[in-house]
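Kindly return the folded structure for what I paste below:
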Amino acid sequence: MTFERSWPILHFDPRAALDWRLAKSGLWGEQHKEREMQKGRNARYWNEFKVGEIIETVGRTVESGDVSLFAGLSGDFNPVHLNELHAKKSQFGTRIAHGLLTLAITSGQINGTGLFEGTTIGFLGLEKVRFSNPVRFGDTVLTSVAITDVRKSEKKNDRGVVSMTITVKNQKDETVLTYDQALLMAAAA
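Predicted structure coming up:
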């Protein structure tokens, strides 16, 4: 009797499978070179950003399906997000998006600019996160990135830190979210 898989394979990365096979076989050694990041067509290195520069994203409309998917992913089933009868009695008068969903959407919007594709090494953190207005279903959020600091890494010459202040507004030009973030980014080879 053989076991058959009853679920679909949603994503298969042959490069990861090859890495796994090499590691398991013992052929993964010093002769194996780590894959280099592929720089996107519009991507920039850390020192190509300028303090004071403003980057604008395209808009993204938040809908009920986004909220339902995020609730399932995060496990946050607060009724103000999912139960219209409950939400009508709340201070908002209707269901609203999760604050962290809005934050995740802005991350996607920023990545959608292509400026960070293949040059970002790591996400260093968030500070001063403020959710100032709710995002309602049907709201379109637009993200603005202001570059606040650009500096070479103190530890390694092949990278630098780009700091930025993020402001997210809805279609009524109301600020819904602000935060600061820093990215560790590659230098040009």
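
which residues touch residue 102?
Counting by Cβ atoms under 8 Å, 6 or more residues apart in numbering, residue 102 touches 62, 131, 135, 141, 168, 176-177. Heads up, the C-betas are built off the backbone N, CA and C, glycines and all.

and the two most separated of the residues you listed?
Spatially, the most separated pair among the contacts of residue 102 is 62 and 131, at 13.5 Å (Cβ to Cβ).

so how far is stretch 105-121 off the chain centroid?
7 Å (Cα atoms, centre = their mean, to the nearest Å).

rewinding a little: look at residue 62 and residue 131 and report which has more neighbours.
Between residue 62 and residue 131, counting by other Cβ atoms under 10 Å, residue 62 is the more crowded of the two (23 against 17).

In this structure the more buried one contacts residue 168, no?
No: counting by Cβ atoms under 8 Å, residue 62 stays clear of residue 168, with 11.0 Å between them.

Find me the pLDDT at the nearest residue to residue 42 once chain neighbours are set aside, would you?
Leaving aside its sequence neighbours, residue 42 sits nearest to residue 114 (Cβ to Cβ, 6 or more residues apart in numbering; 3.7 Å). Looking at residue 114, its pLDDT reads 93.

How many residues are close by residue 114?
When neighbours are defined as other Cβ under 10 Å, residue 114 has 12 of them.

and after the helix or strand of the chain with the lowest mean pLDDT, which helix or strand comes next?
Lowest by mean pLDDT, DSSP states H and E among the helices and strands of the chain is helix 14-25, with a mean of 53. Of the helices and strands lying after helix 14-25 in sequence (DSSP states H and E), the nearest is strand 54-56.

next SSE after that next one?
On the C-terminal side of strand 54-56, the nearest following helix or strand under DSSP H and E is strand 60-61.

So what are the sheet partners of that next one and their directions?
With DSSP bridges as the test, strand 60-61 is paired with strand 140-152 (antiparallel).

Quick one: distance of the very next helix or strand once past the partner strand to the chain centre.
Per DSSP H and E, strand 140-152 leads on to strand 159-169 as the next helix or strand towards the C-terminus. Centroid displacement of strand 159-169 relative to its chain, using Cα atoms, centre = their mean, is 12 Å.

which outside residues touch strand 159-169?
Residues outside strand 159-169 that contact it (Cβ under 8 Å, 6+ apart): 45-47, 49, 102, 106, 110, 121, 124, 141-153, 175-187.

which of those residues count as buried?
Taking 16 or more other Cβ atoms under 10 Å as the criterion, what is buried in the contacts of strand 159-169 is 45-46, 49, 102, 106, 110, 121, 141-145, 147, 150, 176-187.
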